[in-house]
Every structure is written in structure tokens, then in C-alpha cells.
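Student: Sequence first, then the predicted structure, then my questions.
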Amino acid sequence: ELAKRGVLIRNAYAPAPLTSPSTASAFTSLAPQTHGVVSNRVVLDERFLTIAEIFRDAGFQTAGFASRVPLISSSGCGQGLD
């Protein structure tokens, strides 16, 4: 049933070969060279608006779940997550 109603994406590209830069790009819709997270050791600056902040400000409850705890807690990618 899922295959019948789903969408097949044949090609997907990551903006960087590292987790934090790619996640920061997904959350901000900006390229790594724009938001500045170019390695897993760089923290997303608070001046960049994330999709979670947009949803939170619109009245939604937000949450983030990751297999790598620092992705949310110390990378800056948790901005706007309740």
C-alpha cells in the first residue's frame, strides 16, 4: 500500500558529506558555505532561522529525534525544537 501511494525519488543529493552541515542545510534551506556549518564541529549560529523555529512560531509543537545526540543538543540544529 505504501508503494502504491508513495513517491519514488531516484536521485537524492546531500549538500555535504557530513551530518551536521547536511542537517543544518535541511533545517535552514541554505548551503553550508552560507550558514557556516562546514564540519561536524561547527555550531549553527542562532541568527539563522530553522524550519523548526518557523513551525514553533506558527503555533506548532516541535520535536527532534536523532541517533546522534549532539546533532540536536550541541550542533545548533535544535533551534526551535521543543
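Tutor: Noted; the coordinates are in hand. Please read these numbers as outputs of a predicted model, since none were measured by experiment.

Student: list the buried ones in the lengthiest helix in the chain?
Tutor: For the chain, the helix with the greatest residue count under DSSP state H is helix 19-28. Counting neighbours by 16 or more other CB atoms under 10 Å, one finds that the buried residues in helix 19-28 are 19-25, 27-28. Backbone N, C-alpha and C define where each C-beta goes, glycine included.

Student: C-alpha coordinates for it, PDB please?
Tutor: Extracted in PDB, the C-alpha atoms of helix 19-28 (Å, rounded to 0.1, in the frame of the first residue of the first chain):
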ATOM      1  CA  THR A  19      26.000  15.000   9.100                       C
ATOM      2  CA  SER A  20      25.900  18.400  10.800                       C
ATOM      3  CA  PRO A  21      26.400  20.500   7.600                       C
ATOM      4  CA  SER A  22      23.700  18.500   5.800                       C
ATOM      5  CA  THR A  23      21.300  18.700   8.700                       C
ATOM      6  CA  ALA A  24      21.900  22.500   9.100                       C
ATOM      7  CA  SER A  25      21.200  22.800   5.300                       C
ATOM      8  CA  ALA A  26      18.000  20.800   5.600                       C
ATOM      9  CA  PHE A  27      16.800  22.900   8.600                       C
ATOM     10  CA  THR A  28      17.700  26.300   7.100                       C
END
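
Student: chain center to whichever helix or strand comes after it: distance?
Tutor: As assigned by DSSP states H and E, the chain's next helix or strand after helix 19-28 is helix 32-35. Computed by CA atoms, centre = their mean, to the nearest Å, the chain-centroid distance of helix 32-35 equals 13 Å.
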